[in-house]
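> Just to be clear, the model below is a prediction. Sequence and coordinates:
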Amino acid sequence: ETQEKAALQAALQTTQFRMLQSQVNPHFLFNTLGLISYTAIQENAPVTEEVAYCLSDLLRYSLRNVAKGVTLGREIETIERYLTIQKLRFGERLQTRFEIEPALRQRQIPCMTLQPLVENAVIHAVEPLARPVLIEVRATRVADGIKLEVIDDGAGMESALAEAINRRAYRDW
């Protein structure tokens with residue numbers, strides 16, 4: 001019984017240590033991004049400063065809000081920060097448009113509802129092509145709530161796969 005208690009105590013200490021580590025890592029990242037931003041200001045490097053700011057905001061948003069609801073406006077701000085970084089990567093190849101009904105910006109939605117869809121559009125629509133791709137984010141009022149859309153004119157997918165998804169018959173294509 002004493003060995004069992006000692007093993008349980010050791011496991012608890014290990015778990016507590018890992019929890020502390022997981023709290024330290026984001027703190028370290030935010031401090032480092034702050035240092036990069038400050039250094040960029042000192043070196044008159046506004047693009048680097050903007051990337052550090054956008055990345056810091058993205059990390060803070062995803063870590064603090066993932067289990068919460070957020071306003072649609074806050075989700076859109078986060079997407080804009082993400083796209084700022086991606087536009088530096090892709091240049092003119094990545095074009096964006098937002099059509100958000102102003103009154104909907106205050107509506108609550110689950111955190112990270114649109115951001116993964118926008119990220120998916122960048123990965124699958126923009127990356128494979130050399131031509132410019134437009135990603136649109138739309139929010140419109142419908143009778144029973146909000147209609148959120150992420151649309152791109154990128155690479156697309158095989159028509160058979162699209163049909164299977166629309167029929168809800170998709171099985172690890």
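Happy to help now that I have it.

> rest of the way, CA atoms for contacts and neighbours
Will do.

> Spatially, what comes nearest to the residue most central in space within the chain if we skip its sequence neighbours?
Nearest to the geometric centre of the chain sits Gln115, at 4.2 Å (Cα atoms, centre = their mean). Using Cα to Cα, 6 or more residues apart in numbering and skipping residues adjacent in sequence, the residue nearest Gln115 is Ile79, 5.7 Å away.

> number of nearby residues for Tyr53?
When neighbours are defined as other Cα atoms under 10 Å, Tyr53 has 18 of them.

> Return the mean pLDDT over the top strand by length along the chain, rounded to an integer.
Longest strand in the chain, counting residues (DSSP state E): strand 133-142. With pLDDT averaged residue by residue, strand 133-142 scores 96.

> Equivalent analysis for stretch 145-165, please.
88.

> Quick one: the helices in this structure, in order.
For the chain, applying DSSP state H gives helices covering 2-42, 46-65, 72-90, 115-121, 159-166.

> Test my guess that the residue nearest to the centre of the chain contacts Glu75.
Yes: with contact defined as Cα atoms under 8 Å, Gln115 reaches Glu75; the gap is 7.4 Å.

> what residue ranges in the chain are flagged as low confidence?
1, 11-12, 15-25, 65-67, 170-173 (pLDDT under 70).

> Would you reformat the helices of the chain as CSV and include distance to Arg138?
CSV is the format used below for these (distance: least, Cα to Cα, whole Å):
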stretch, distance to Arg138
helix 2-42, 31
helix 46-65, 20
helix 72-90, 10
helix 115-121, 11
helix 159-166, 20
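
> for the ones you listed, which one sits closest to Ala143?
helix 72-90 (17.6 Å; Cα to Cα).

> Can you list the helices and strands that that closest one packs against?
Under the contact criterion of 3 or more Cα pairs under 8 Å, 6 or more residues apart in numbering; DSSP states H and E, helix 72-90 touches helix 46-65, strand 94-100, helix 115-121.

> which parts of it are buried?
Neighbour counts over helix 72-90 (16 or more other Cα atoms under 10 Å) mark 72-76, 78-86, 90 as buried.

> swap in stretch 107-116?
109, 111-112, 114-115.

> of all the residues you listed, which comes closest to Glu50?
In terms of Cα to Cα, no member of these lies closer to Glu50 than Gln115, at 19.0 Å.

> if I pick that closest one, what's in contact with it?
Listed by Cα atoms under 8 Å, 6 or more residues apart in numbering, the contact set of Gln115 reads 75, 78-79.

> Let's have those in JSON lines, adding distance to Ala103.
Converted to JSON lines, these look like this (distance: Cα to Cα, whole Å):
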{"residue": "Glu75", "distance to Ala103": "14"}
{"residue": "Thr78", "distance to Ala103": "18"}
{"residue": "Ile79", "distance to Ala103": "18"}
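
> Right, I'll call it a day here.
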